[in-house]
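Asks: for reference, the sequence and a predicted model appear below.
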Amino acid sequence: MVLVGVLYYAIAPVQVWLWAVLGISGVLAIELGIRRNRPRRARPWHLLALALLLFVVGDAASALINRNAATPYHVPFLVDLCYLVMFIVMSMGLMGLASSGSAIRDRAGVLDALTLLLGVGLLAWVIVIEPRFDTPGLSPLDQITTIAYPLADLVLLSMVLRIVVVSRWSAPVVLLAIGGAGMFVSDMLHLFARLDGFWHIGGQLDVGWMLLYWGWGLAALQPQMVWLTEPRSLQSNELSGRRVVILALSSLAPPALLLVEGLRGPVDNGEIIAILTVAMFVLVLVRLIDAMRSHTQSLTRERMLREAGVELVGSTDTAQVSDAVRRAATGLMPRDADHRVVLSLNQADQPVPVGSADAGLPSTTRLCHIGDLPEPDARELAGFDVALSCPLAPADGAAGGRRIGTLLVAAEESTLRTLQGSIEVLALQAALALARITANDEINRRDSEAYFRALVHNTADVIMIVESGNEIRYSSPSAMAMFGRDQLEGTDLLDLVAPEERERSAAYLRRARCERRGETTDWTVCGVGERRIQVEVSTRDLRDDPTVGGLVVTLRDVTQRRRLERELTHRAFHDSLTSLANRALFVDRVTLAVDRARRSSTIAGVLFIDLDDFKDVNDTLGHPVGDQLLAEVAERLRGVLRPHDTAARLGGDEFAALIEDAADTAAIEGVAERVVRALSMPVPIGDHLVPAEASVGVATTRHADDGDELLRHADLALYAAKGAGKGQWRRYQPALHEALIERLQLRADLDRAVAEQEFSLRYQPVVGLDGGQTVGLEALVRWEHPARGTLAPDEFIGVAEESGLIVPIGAQVVRQALTAAALWPTRVGVGPYVSINVSARQFRTPGVVADLLRQLDDAGLPPHRLMLEIVETLLLHDDEEVWADLAELREAGVRVAIDDFGTGYSSLSYLRQVSLDVVKLDKSFVGAIETSPQQRALVEGIVRLAGTLGLEVIAEGIETEQQREILRDIGCGFGQGYLFSKPLPAPETTAWLLTELK
């Protein structure tokens, strides 16, 4: 290029073509530099090359048009357009270099550059442009050119100065500055030459443009040209003293010009000066606002860093530190800024910083290419171009502080520049936290080593290191307590094992060395005084560990544990009171017995045994007597069974027996007969003869396929035996299963009936035996079954009692009865009462008294019109709470009757002790009163006793007029039965009562 420049001045005839070659060589040099050096962003350089090409085209065209020196200098419109496009393209290229890499753009720098540009532009306008603009004879195009070229040169010069000011000094920066300055000087002189009409190609002004071609082409060829678009160590954007002086001088340019023009005469450029003054004031104001905003952001970041420091101080592991750093870095970022944070710890390959090592930067922080990072970090930060790399070291890395890792923050370059200082502080805080955690871990590790060393020396387990020949090389001090000597080195380990187990122990050691895996077993060793000790042995093969170099054998004394385990196993499968097998063991043996019976074609049977009235024994004689009775039953059961049969206590008063290898079912039934006979004799306990009668259910494998089915059959048979009476046994029959299915179906239907309220009431009148007037009506429940029709209470009350559904059924009966009674017709305010049966379970429900009184209020029925009929079993025990509830009801006005008196466990003393109003004689007394004088005398005695106690008597089941006359003669006041009326539905009840009122 220099040679072409020399030839350009030496050979005048071909200057136009040499000038074109010179310009194109600069374009080619830039493209060659791009291809050779491969900058990160090549687009700005391509734009500069295109601008030079347009410059060459414009110059060549202008030179060809004006090569005749005799004609006036003339530039066509297309050539001017070419120059203007060149300025635009060149501006874009310089802007690209000024907005990336080492010349990264910042808002403050742009504002300062605009301020400087306005000051210089004002001077150029007043001194250069404005005098030439008013030159006579200029066409409008020349006037536009006069303004556009200087302004474009000023813009380009400001961009070049921007790159020079903010970039580190290097050969490409100097060459770009030389080329830009040469172009600016030549353009200014060229403008004067065009106006004065003396410039032609080949003059001295061409040197400036040659410097443009030479400088920019050579700059692109320099390897350092990549620095202009590469990330580099960030620099502070604080307002320096030099910059303040430059801005001050620029700001003083308008008032200085105004002063000069005012002293010289009339002010010619007042409007321009005023406009530029306002513009510069706005720029300075924006600069101050940015400074204030920057200060506020700095305070916010300081607060965030303090909060992060507090959180890092409380972190106890690396994960917590990483989470705290990520949250802090996210808080430092501008809102909605795309970023990613990686805390890379203990990596050997650290990021390669851009630039040379002698850059002399004040911080070890670097901007790195994502591709230069280690592969895991680069993969995690994929999608970003650059990342800020901050070393994690408690002290300055340059000062020799140990580097723990690196904090990598990926985001836009401008964002990273703003946050450089804050992220460095965050990295230092994270490094301190990690160093503290590492130090604590090391201290804990050393403490743990000391702890385990003390543990080995003080543990009760014997720890040994055994050589390949089973010689003991080391034994812990606890060997003294187990073997009576602490020096076992050189002893064969198998010599310590009981003789009968040495072969098995040797095989265990061989297997531990071959399979190289830990296995636990039990040995019997000879301890102090030849005492046999059961030990748990575990091994670990550490022959490859240089610090051990042998097989580690641990012996733990488990003698007491094994004895306890055997005892617990026995307790787990045997009843503690009777020492019989418990339910778990019995079920397991039944399952095995069924399998054996199937294989051997024999019969096995199960007996379920349940003591009759055992609860009464506990309630009357106490639980100690009950326990003695259970123990005696177990002994009698053992005496009946064969030695290989199994007797078990399933729980409470339930026993079972497993009979195996029976020839036929008769043999098993014979065992059941003997069990019933053996338990029929009372058991003498202290001063009492306690009954031990039992019901027995028998089932055999003839009707069962597995153990579970056999047990179910025995349970069904026991249920049948209980129903047949006390001291009976029954065998399982398929019909029992059908009855159970029917009962389960009834239970399911009963659940549905409660939910859908399928129960209705019938009302049977209670009349006075003298006048026949109805005094009350007993509410009797009926089930309106959708498939089976109306069911009487005896068909479902038993199931309801067993399942607990009697409580919701009773609640529905009470509600219906009270509602109906409130609507019955009355005579002068006196109406019949309603009598409702209440089960024992229903009456024992918490809050039953309060519920009854509340329902009376809801129905609007006076309490004296309600009578509750309770069963005798409710009074069987001296339950003070039940008696208190009855007293509370009577105090509220509700009357209480005892139902079916004389059929249960009732005693005549209850009539005196309990708060009652009425005694209802069971129909079994009334039915024989006509034919049996004894029955009549008994009923007469009950009536007289009730009268003495102030109780009314209601006789149930009166069916004949003779029965009525007898009961009336002996003093019974009231009765009910089919003689008077059958139970009536609600509508017929109302009609019955209305008939009596007429």
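Replies: Noted; the coordinates are in hand. Source: prediction; values computed, not measured. Numbering: from 1, shown residues only.
Asks: tell me where the stretch 851-998 of the chain has strands.
Replies: Ranges of strands within the stretch 851-998 of the chain are 866-870, 895-901, 918-921, 952-956, 974-976, based on DSSP state E, counting those that start in this stretch.
Asks: which one of those lies nearest to residue 381?
Replies: With Cβ to Cβ, the closest approach to residue 381 among these belongs to strand 866-870: 84.0 Å. (C-beta placed from N, C-alpha, C; glycine too.)
Asks: residues in contact with residue 943?
Replies: With contacts defined as Cβ atoms under 8 Å, 6 or more residues apart in numbering, the neighbours of residue 943 are 953, 970, 971, 972.
Asks: gap between it and residue 44?
Replies: Counting by Cβ to Cβ, to the nearest Å, the gap from residue 943 to residue 44 is 125 Å.
Asks: residue 434 too?
Replies: Residue 434 sits at a distance of 41 Å from residue 44 (criterion: Cβ to Cβ).
Asks: what does residue 749 give?
Replies: The gap separating residue 749 from residue 44 is 91 Å, by Cβ to Cβ.
Asks: which residue of those two possesses the greater neighbour count?
Replies: More neighbours surround residue 44 than the other of residue 749 and residue 44, with 23 against 19 (other Cβ atoms under 10 Å).
Asks: quick check: the more buried one touching residue 93?
Replies: Yes: with the criterion set as Cβ atoms under 8 Å, residue 44 and residue 93 qualify as a contacting pair; they are 4.7 Å apart.
Asks: thinking again about what came up before, which stretch in the strands of the stretch 851-998 of the chain has the least confidence?
Replies: Here the lowest mean pLDDT among the strands of the stretch 851-998 of the chain goes to strand 895-901, at a mean of 85.
Asks: contact partners of it?
Replies: In this structure, residues lying in contact with strand 895-901 by Cβ under 8 Å, 6+ apart are 833, 835, 837, 864, 866-872, 875, 886, 889-890, 906, 910-911, 914-922, 942, 954, 956.
Asks: ok, back up a step: how about a markdown table for the contacts of residue 943, with neighbour count added?
Replies: Rendered in a markdown table, the data for the contacts of residue 943 read as follows (neighbours: other Cβ atoms under 10 Å):
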| residue | neighbour count |
| --- | --- |
| 953 | 25 |
| 970 | 18 |
| 971 | 14 |
| 972 | 26 |
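Asks: farthest pair in those residues?
Replies: Between any two of the contacts of residue 943 (Cβ to Cβ), the greatest distance is 9.5 Å, for 953 and 970.
Asks: now do the contacts for residue 853.
Replies: Contacts of residue 853 were listed using Cβ under 8 Å, 6+ apart, and they are 863, 892.
Asks: how near is it to residue 917?
Replies: 17 Å.
Asks: got it, and residue 501?
Replies: Shown here: residue 501 relative to residue 917, a distance of 83 Å by Cβ to Cβ.
Asks: by mean pLDDT, which helix or strand of the protein comes out lowest?
Replies: For the chain, the helix or strand with the lowest mean confidence is helix 130-133, at a mean of 58 (criterion: mean pLDDT, DSSP states H and E).
Asks: tell me which helix or strand comes right after the longest helix along the chain.
Replies: The single longest helix within the chain, with elements called by DSSP state H, is helix 270-313. Next along the chain after helix 270-313, taking DSSP states H and E as the criterion, comes helix 318-332.
Asks: who are the packing partners of that next one?
Replies: In this structure, helix 318-332 makes packing contacts with helix 270-313, strand 340-345, helix 420-458, judged by 3 or more Cβ pairs under 8 Å, 6 or more residues apart in numbering; DSSP states H and E.
Asks: of all those, which lies closest to residue 387?
Replies: Nearest to residue 387 among those is strand 340-345; the distance by Cβ to Cβ comes to 8.0 Å.
Asks: residue 11 - how many residues pack around it?
Replies: When counting by other Cβ under 10 Å, one arrives at 11 neighbours for residue 11.
Asks: what count of nearby residues applies to residue 789?
Replies: Neighbouring residues of residue 789 were enumerated by other Cβ under 10 Å; the total is 9.
Asks: need the phi and psi values for residue 632.
Replies: The phi/psi pair for residue 632 (degrees, to the nearest 10) reads phi -70, psi -40.
Asks: hang on, it packs against residue 692?
Replies: Yes: with contacts counted by Cβ under 8 Å, residue 632 reaches residue 692, the gap being 7.0 Å.
Asks: give me the common contacts of these two.
Replies: Residues touching both residue 632 and residue 692 comprise residue 683, with contact defined as Cβ under 8 Å, 6+ apart.
Asks: please say which of the two ends up with more neighbours.
Replies: Comparing residue 632 with residue 692 by neighbour count (other Cβ under 10 Å), the higher total belongs to residue 692, at 23 against 17.
Asks: did I read that right, that one in a helix?
Replies: No: under the criterion used here (DSSP: H, G, I helix; E, B strand; the rest coil), residue 692 is coil, not part of a helix.
Asks: next, it: phi, psi?
Replies: Here residue 692 shows phi and psi, under degrees, to the nearest 10, equal to phi -130, psi 20.
Asks: list the contacts of it.
Replies: Taking Cβ under 8 Å, 6+ apart as the test, what residue 692 contacts is 611, 629, 632, 633, 636, 679, 680, 681, 682, 683.
Asks: quickly list what the first one is bridged to.
Replies: Assessed by DSSP bridges, residue 611 has beta-bridge partners residue 694.
Asks: next: the last one.
Replies: Residues in a beta bridge with residue 683, per DSSP bridges, are residue 690.
Asks: count the neighbours of it for me.
Replies: Other residues lying near residue 683 total 20 when counted by other Cβ under 10 Å.
Asks: just the pLDDT at it, thanks.
Replies: You'll see residue 683 listed with a pLDDT of 90.
Asks: coming back round to it: pick out whichever of the contacts of residue 692 sits closest to residue 788.
Replies: Within these, proximity to residue 788 (Cβ to Cβ) peaks at residue 611, which comes in at 36.2 Å.
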